[in-house]
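Enquirer: Any chance you could fold what I've pasted below:
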Amino acid sequence: MSETDESKRDDSRAARAHDGGNQATSEKQSNDRNDGKDDAKHGENDQNGHKSRSKKPLIILAVVVLLLAIVAFVWWFMTRNQESTDDAYTDGNAVAIAPKVAGYVVNLAVNDNVYVHKGQLLVQIDPREYAAQVHEAQAQLGLAIAQLQSAQVQLDIARVRYPAEYRQAQAQTDSARADLRQAQAAYNREHNVDIRATSQQNIDAADARAASARASVKQAQAQLATAALVSQQIRQALAAVQERRQQVDQARAQLEQAQLNLAWCEVRAPSDGWITRRNVQLGTYLQPGASLFSIVTPQIWVVANYKESQLDQMRPGDKVSIDVDAYPSLKLHGHVDSIQQGSGSRFSAFPAENATGNFVKIVQRVPVKIVIDSGMPADHPLPLGLSVEPTVYLK
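Expert: Next comes the predicted model:
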C-alpha cells in the first residue's frame, strides 16, 4: 500500500470523527432545548397551582365574615327591643324587731334563720313588774270611779238643795221685812205719842226693835243674794262631776298603758318571714328600742339600676326575664313596677354638686323596681342582696 492511500484513509477517519462530534453537539443542543421547554411548562404549572392555593384562605375568610355578619344581624334583630343590666339585686321588706319595754329575757322562742308566722311568740320579757303596775292602775281606777259616783250624788243633792235654800232665804227676807214694818210702826208710835203717855224705856225698846229688824232684813237680803246663785252652785257641782269623770278617764288610760306594757312583755311576729341577724340571748337585759333581729318577709322584688340612656322606651308593665347568679338554672319572670323619680346619686348621703366648676359628665343610673310574677322556688327563697341580671322586653 502506498503512502497516498494511507493518507486518504486517515483523512476519511478524521472526517467521520468530525461529523460524529457535530452530530453529538446538535443532539445535545436539541436535548437542552427540549429540557428548557419542559422546565418552562413545569414552572407554568407550579405558578397556576400556587395561585389557586392562595385564593382558598381568602374565600374561607370571606365566608366566615359573612356568617358573623349574619349572626350579628340576627342577634341585633332579636335583641333590639331588650334592655338588660348586671347592676341589679334582690330586695324586700326587712322588718326590724325591737322591744317596747325594758326587762330581762325569760323566754327565747326562736333561733337563727327560722320561718315564723304572724302573731307567733318570739321573745318574752319578765312580766312581774308590769303585772304589779296593772294592779295599781286598777286600784286607781276604782278610786276614781268611787269619787265620780260621790260627785254625781252631790250634784243630785245640789239640784234640790240650792233651790230650796233660795226659797228659804226669800221667806226669811219676807219675815224680816215684816218684823221691820212692825218694829217701825212701834217706833213711830212711841215717838209720836205725848211724852207723858209713855216712858223712856218704851221709846228705847221701840228704837232697839226697829234697829234689830233693819239688821235682820239686811242679813236676810244677804242670805237671799247668796241663795240666789242656784244655777252657779249647780254648775259648780256639775263641774266637780266632770272633773271626777276626767280623773276616771285618766285612771282608765293609765290602766290601759299598764296593760299594754304587760302585753309588750311578749314580743310577737308582726308578719310571716324569716328570722335574720338575731342579736338577743336568754337572760339579756333589754332596753326599749334596742334591735333584737329582723324578719325578712316572703315578698321579694328586684331593684335594677339601669343607665339613663336605657329608659327611653321603658314603661311600667313591661315584661322582664330575670337570671339569678346564685341559681343559674332558675328562670324568673316579672314586670316593671315603677321607675324611681331620681337617680341613685341624687338620693345618696353625699349627692354630687355639679355647680362647683369641676363638672364631669357621668352616665347616671336610675333604680327600677321589678316585681317577680312567677318562677320563685318554694323550697329555697331568694335572700336579699343577690346579684341578678334582668332583661326588660320593651313594647
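Enquirer: got the contact list for residue 86?
Expert: 387, 389 (C-beta atoms under 8 Å, 6 or more residues apart in numbering). To be clear about C-beta, it is placed using only N, CA and C from the backbone, and glycine gets the same treatment.
Enquirer: which phi and psi does it have?
Expert: phi -100, psi 0 (degrees, to the nearest 10).
Enquirer: Roughly how far does the closest residue to residue 285 other than its chain neighbours sit from residue 110?
Expert: Counting by C-beta to C-beta, 6 or more residues apart in numbering, residue 285 lies nearest to residue 104, which is 5.3 Å off, once chain neighbours are set aside. According to C-beta to C-beta, to the nearest Å, residue 104 and residue 110 sit 17 Å apart.
Enquirer: for residue 388, same thing?
Expert: Distance from residue 388 to residue 110, by C-beta to C-beta: 29 Å.
Enquirer: Compare these two (neighbour count), which wins?
Expert: residue 388 (24 against 21; other C-beta atoms under 10 Å).
Enquirer: Quick check: that one touching residue 90?
Expert: Yes: here residue 388 lies in contact with residue 90, judged by C-beta atoms under 8 Å, at a distance of 6.2 Å.
Enquirer: Tell me how the chain divides into domains.
Expert: 1-80, 88-126+273-393, 128-263 (automatic domain parsing).
Enquirer: Could you save the ones you listed as TSV and add columns showing mean pLDDT?
Expert: Putting the domains of the chain into TSV (pLDDT from 0 to 100) gives the following:
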stretch	mean pLDDT
domain 1-80	60
domain 88-126+273-393	90
domain 128-263	83
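Enquirer: contacting residues for the residue sitting nearest the centre point of the chain?
Expert: The residue lying closest to the centre of the chain (C-alpha atoms, centre = their mean) is residue 93, at 7.2 Å. Applying C-beta under 8 Å, 6+ apart, we find residue 93 in contact with 271, 273, 296, 297, 299.
Enquirer: switch the cut-off to 10 Å
Expert: 271, 273, 294, 295, 296, 297, 298, 299, 300, 301, 384 (C-beta atoms under 10 Å, 6 or more residues apart in numbering).
Enquirer: Let's have these in TSV, adding neighbour count and secondary structure.
Expert: Below are those laid out as TSV (neighbours: other C-beta atoms under 10 Å; DSSP: H, G, I helix; E, B strand; the rest coil):
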residue	neighbour count	secondary structure
271	15	coil
273	22	strand
294	18	strand
295	23	strand
296	22	strand
297	15	strand
298	14	strand
299	13	strand
300	19	strand
301	16	strand
384	15	coil
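Enquirer: Run through the helices of the stretch 1-150 of the chain in chain order.
Expert: 3-79, 128-192 (DSSP state H, counting those that start in this stretch).
Enquirer: how far out from the middle of the chain is stretch 388-395?
Expert: The chain centroid and the centroid of stretch 388-395 are separated by 25 Å under C-alpha atoms, centre = their mean, to the nearest Å.
Enquirer: same thing with stretch 249-264?
Expert: 30 Å.
Enquirer: Using PDB, write out every CA atom in that stretch.
Expert: The C-alpha coordinates for stretch 249-264 follow below in PDB (Å, rounded to 0.1, in the frame of the first residue of the first chain):
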ATOM      1  CA  ASP A 249    -110.700  58.500 132.200                       C
ATOM      2  CA  GLN A 250    -107.100  59.300 133.200                       C
ATOM      3  CA  ALA A 251    -107.100  56.300 135.500                       C
ATOM      4  CA  ARG A 252    -108.500  54.100 132.800                       C
ATOM      5  CA  ALA A 253    -105.800  55.400 130.400                       C
ATOM      6  CA  GLN A 254    -103.100  54.500 132.900                       C
ATOM      7  CA  LEU A 255    -104.600  51.100 133.300                       C
ATOM      8  CA  GLU A 256    -104.600  50.600 129.500                       C
ATOM      9  CA  GLN A 257    -101.000  51.700 129.400                       C
ATOM     10  CA  ALA A 258    -100.100  49.300 132.200                       C
ATOM     11  CA  GLN A 259    -101.900  46.500 130.300                       C
ATOM     12  CA  LEU A 260    -100.100  47.400 127.100                       C
ATOM     13  CA  ASN A 261     -96.800  47.300 129.000                       C
ATOM     14  CA  LEU A 262     -97.700  43.900 130.300                       C
ATOM     15  CA  ALA A 263     -98.700  42.700 126.800                       C
ATOM     16  CA  TRP A 264     -95.500  44.100 125.300                       C
END
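Enquirer: Next, the buried residues of that stretch.
Expert: The neighbour-count check on stretch 249-264 (16 or more other C-beta atoms under 10 Å) flags 251, 252, 254, 255, 258, 259, 261, 262, 264 as buried.
Enquirer: For residue 138, state which of the residues you listed is nearest.
Expert: residue 255 (5.9 Å; C-beta to C-beta).
Enquirer: gap between that closest one and residue 313?
Expert: Taken as C-beta to C-beta, the span from residue 255 to residue 313 is 62 Å.
Enquirer: likewise residue 162?
Expert: 84 Å.
Enquirer: How about residue 67?
Expert: Counting by C-beta to C-beta - residue 67 and residue 313 are separated by 31 Å.
Enquirer: Likewise for residue 144?
Expert: 69 Å.
Enquirer: who has more neighbours, the two?
Expert: Counted by other C-beta under 10 Å, residue 144 and residue 313 do not tie: residue 144 has more neighbours, with 21 against 11.
Enquirer: how many other residues sit next to residue 280?
Expert: Residue 280 has 19 nearby residues by other C-beta under 10 Å.
Enquirer: Numbering from 444 from now on, please.
Expert: With the count now opening at 444, the last piece we talked about shows up as residue 723.
Enquirer: Phi first, then psi, for it.
Expert: Torsion angles, degrees, to the nearest 10, at residue 723: phi -150, psi 150.
Enquirer: again with the one 5 residues further on
Expert: Listed backbone geometry of residue 728 is phi -90, psi 120, with angles given as degrees, to the nearest 10.
Enquirer: so it makes contact with residue 544?
Expert: No: using C-beta atoms under 10 Å, residue 728 is not in contact with residue 544, being 11.6 Å away.
Enquirer: And those two? Which one has more around it.
Expert: residue 544 (19 against 11).
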